[in-house]
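sequence plus predicted model, see below.
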Amino acid sequence: EATTVVVIGAGPAGLTVANLLRRSGIDCVVLERQSRAYVGQRQRAGIVETRAVRMFESWGLADRVLGGVPSEGILEFRVDGERHLVRDYDHDGSAGPPARICPQQVLVQKLIAAYLEDGGDLRFEAADVSLHDLTGDRPTVRYRAADGTPRSLTCSFVAGCDGDHGISRAAVPAGALTAHAYDHGIGWLTVLADAPPPAHPLFAVSEHGFAAHFPRGPHSSRFYLQCPPDDDPGAWPDTRVRDALRTRLADPALPFGPITDREVFRLRSLVHDPLRYGRLFLVGDAAHIVSPMGGKGMNLALYGADLFARAVRDVVRNDDETALRDYSRRCLRRVWNDQEFSDWLTRTLHDAGDDTLHGPFRRNLARARLDRLFTSPAAGRAFAELMTGVEPD
Ligand code: RFL
């Protein structure tokens, strides 16, 4: 079997690549290890930034993919119980539409539906995917179909969109890519709970440690609590989580419902360079991990997908490889920009609270940065530009 692009992985990156190629009239096949039901309920990110909203608009997909999803343009920073509202879009509206509150699984479900409606080829439960001849003219992708039959696809390009633990990056020989990794030395307990969402996405700073409260639907919230990096989630029963949130959010009456998911992870960042090996292109988490502060992980996946799909379109339509050759450099430029923003926000919101991390000097520096954000219009605009992702390319 032959196609133009084989996409490995049906997360936000792979599904966006597939939809954009389909809309460009370019053949592709998506191979996903899990079932449709599984990928359609995997809950992670929650905000689609302005730049990504614009991207879907420019492809005529915004109504189908983001229709009915509420917008948000204000963040709350609660510092020792004091509320500060910060707008995350330009005051004159020139940055375009505000960000959308869209849980990742809803985005994934809608991208799957849009792709299948357009006649796309998406194969779930594809096992043992392996990549061959990546440096030749026609790479081959082998896998076992859901019914157990071995299959093989030849193609012009492979889009490696299978996340940090996928097989795409692992198929690249040692030494061909450089990994830049950073461990922030911070842990987060994250829980999903049947609790009413906050009025605005909320970041809280206090001497008790960082906490956050984000909407994940009309009756659902994701909460984060700073904790030791290797803490045991079992040490956080529902009542302890609730009490810690009430203290750190300075909201003794915070409504809190049953926890449906609970996890502890380390804040880490990782960038691979380059994002290409022969005819394999890495997109999304397969290429880079951003610490969750600032909500850039999924949005970078959407950015890379757009860049890659446009580059393939240039090759197929005009025999022009310029953009494809430039994919890694352009994508990495933005990846480092977002890594810097996420790192800045991570340091600021942790150092400003609990000074056991970096001491009172760092604590006062972080408080000064927050103060500047709340009082200086120029600092507010710079922050909005980074949050919305619409800084000039
Ligand atoms: P995904 O979503 O991991 O999708 C990869 C897909 O590839 C499949 N796969 C394979 N398929 C075939 N063969 C194989 N061998 C395969 N191995 C894997 C997987 O089943 C899956 O379907 O990567 P993608 O598309 O690059 O998207 C990236 C985002 O998912 C990720 O950046 C975000 O979820 C990160 N993230 C957040 N990002 C934000 O922008 N804002 C947030 O608020 C935010 N919160 C989060 C997050 C990630 C979290 N976790 C658990 C990692 C909160 C959490 C808790």
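All right, it came through fine.

show me which residues of the stretch 251-393 of the chain sit near the ligand.
Within reach of the ligand by CB under 6 Å from any ligand atom, the stretch 251-393 of the chain has these residues: 284-285, 292, 295-299, 301. Every C-beta, even on glycine, is put in place using the N, C-alpha and C of the backbone.

residues in contact with whichever residue of the stretch 201-350 of the chain sits closest to the ligand?
Nearest to the ligand, among the residues of the stretch 201-350 of the chain, is residue 284, at 2.2 Å (CB to the nearest ligand atom). Residues in contact with residue 284 (CB atoms under 8 Å, 6 or more residues apart in numbering) are 9, 11-14, 161, 163, 300-301, 304-305.

how about the helices in the stretch 151-300 of the chain?
For the stretch 151-300 of the chain, the helices defined by DSSP state H, counting those that start in this stretch cover 238-248, 297-318.

buried ones in the first one?
Along helix 238-248, the positions that meet the burial threshold by neighbour count (16 or more other CB atoms under 10 Å) are 241-242, 244-245, 247-248.

okay if I get these as TSV plus distance to the ligand and pLDDT?
Below are the buried residues of helix 238-248 laid out as TSV (distance: CB to the nearest ligand atom, whole Å; pLDDT from 0 to 100):
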residue	distance to the ligand	pLDDT
241	15	97
242	19	97
244	18	97
245	17	97
247	22	97
248	18	97
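
rebuild these as CSV, extending it with distance to residue 103.
Output for the buried residues of helix 238-248, formatted as CSV (distance: CB to CB, whole Å):
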residue, distance to residue 103
241, 20
242, 22
244, 24
245, 20
247, 27
248, 23
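
residue 252 reaches residue 242, doesn't it?
No: using CB atoms under 8 Å, residue 252 is not in contact with residue 242, being 10.8 Å away.

list the contacts for the spatially closest residue to residue 268 that is not a sequence neighbour?
Leaving aside its sequence neighbours, residue 268 sits nearest to residue 183 (CB to CB, 6 or more residues apart in numbering; 5.1 Å). Taking CB under 8 Å, 6+ apart, we find residue 183 in contact with 229, 266-268.

how does it look with 10 Å?
229, 266-270, 291 (CB atoms under 10 Å, 6 or more residues apart in numbering).

now do residue 223
188-193, 195, 198, 202, 211-214, 216, 241-242, 244-245, 248-249, 254, 256, 259, 262.

returning to what we had before: which of the contacts of residue 183 are buried, as a PyMOL select command?
In PyMOL, this line selects whichever of the contacts of residue 183 come out buried by 16+ other CB under 10 Å:
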select buried, resi 229+267+268+269+270+291
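
closest to residue 36 among the contacts of residue 183?
The closest of the contacts of residue 183 to residue 36 turns out to be residue 270 (CB to CB; 28.5 Å).

how far away is the nearest residue in space to that closest one that is not next to it in sequence from residue 34?
Closest residue in space to residue 270, ignoring its immediate chain neighbours: residue 289 at 4.3 Å, by CB to CB, 6+ apart. Between residue 289 and residue 34 the computed distance is 20 Å (CB to CB, to the nearest Å).

so between these two, which is more surrounded?
A direct count of neighbours by other CB atoms under 10 Å for residue 289 and residue 34 places residue 289 higher, at 20 against 15.

coming back round to it: report pLDDT for the residue nearest to residue 268.
At residue 183, the pLDDT value in this model is 96.

distance-wise, check it relative to residue 259.
27 Å.

which residues touch the residue of the stretch 101-250 of the chain found nearest the ligand?
For the stretch 101-250 of the chain, the residue closest to the ligand is residue 163, as judged by CB to the nearest ligand atom, at 3.0 Å. By CB under 10 Å, 6+ apart, the contact set of residue 163 is 8-9, 11, 13-14, 33, 169, 284-287, 289, 301.
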